[in-house]
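Asker: Fold the following for me, if possible:
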Amino acid sequence: MSLAFVLFVTAFAQCDTKAEQLFAEMERKLSRAKTLSCRFEIKVENPKKRWVALTGSISFSEGKKAHLGMEGKYIDQPFKLLMVSDGAKARIKVNEEPARDQEMPQKLHARFLRFVQRSGVFLPLLPWPDTAKTKDLLERLPVSELRLGTKANLFGRKALVIQYRLMDGVPVTLWLDEETKLPLKRVINLGEKMNRSTITETYADMALDETIDNKRFEVPK
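Answerer: Sure thing, here's the model as predicted:
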């Protein structure tokens, strides 16, 4: 076995380890947060057209309190979504339809954190096939094959890049703020699963453990 091959394998293994450590550091930081809020932009494109263009915000707190709002275009049609939980009940409102009660998910705080950590906001909302396997994967959102990418400058910030596989092999690229270790951007390539669509999400003003006004969690009537 040549020395060059040994050095290549060693460097590759170290790169994997560093990616795993960085990803774990990001997840630990988010998991410890009692509150989180941020703004986001979502674009979903495929070779034929821009399918989705949305802006919105997400806030959540311990005690099953959450607020997710977004608006823009969905499949080239005006779209507006509001999901709110006050800790006792949850409601969802889509476009101008009346608000309707929503089943309160178990471990709501942990679920929203997992979205920010691994899948982004939009992926779990897609109309995936109604199978037990897909539902389980969306609950767990397992990641694998973590690799470090090339450092970049993004939105005036130095960013660290991690590439990984989500669920059953979906490729994801994640940009983390080098200083805060919080997500700045995520690109998910869905391939043939969703007409070769690409989800691009960017995040701004991400804040952890700041006080969130309880009015934010008032459910719509």
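
Asker: need the strands for the protein, in chain order.
Answerer: Counting by DSSP state E, the chain has strands at residues 35-45, 50-61, 65-74, 77-86, 90-94, 100-102, 143-148, 152-154, 157-166, 170-177, 183-191, 197-208.

Asker: Could you identify which of those strands has the lowest mean pLDDT?
Answerer: Of all those, strand 100-102 carries the lowest average pLDDT, namely a mean of 88.

Asker: what comes into contact with that one?
Answerer: Residues from elsewhere that reach strand 100-102 (Cβ atoms under 8 Å, 6 or more residues apart in numbering): 83, 85, 89-93. C-betas here are computed from N, CA, C, even on glycine.

Asker: hmm, back to that, can I get the strands of the chain in TSV including mean neighbour count and distance to residue 109?
Answerer: Below are these laid out as TSV (neighbours: other Cβ atoms under 10 Å; distance: least, Cβ to Cβ, whole Å):
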stretch	mean neighbour count	distance to residue 109
strand 35-45	19	9
strand 50-61	19	6
strand 65-74	19	8
strand 77-86	17	10
strand 90-94	18	13
strand 100-102	12	16
strand 143-148	16	20
strand 152-154	13	28
strand 157-166	18	21
strand 170-177	20	21
strand 183-191	20	17
strand 197-208	17	13
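
Asker: JSON lines for those, including distance to residue 127?
Answerer: Listed next are these as JSON lines, based on distance: least, Cβ to Cβ, whole Å:
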{"stretch": "strand 35-45", "distance to residue 127": "12"}
{"stretch": "strand 50-61", "distance to residue 127": "12"}
{"stretch": "strand 65-74", "distance to residue 127": "11"}
{"stretch": "strand 77-86", "distance to residue 127": "14"}
{"stretch": "strand 90-94", "distance to residue 127": "13"}
{"stretch": "strand 100-102", "distance to residue 127": "17"}
{"stretch": "strand 143-148", "distance to residue 127": "23"}
{"stretch": "strand 152-154", "distance to residue 127": "30"}
{"stretch": "strand 157-166", "distance to residue 127": "17"}
{"stretch": "strand 170-177", "distance to residue 127": "16"}
{"stretch": "strand 183-191", "distance to residue 127": "12"}
{"stretch": "strand 197-208", "distance to residue 127": "12"}
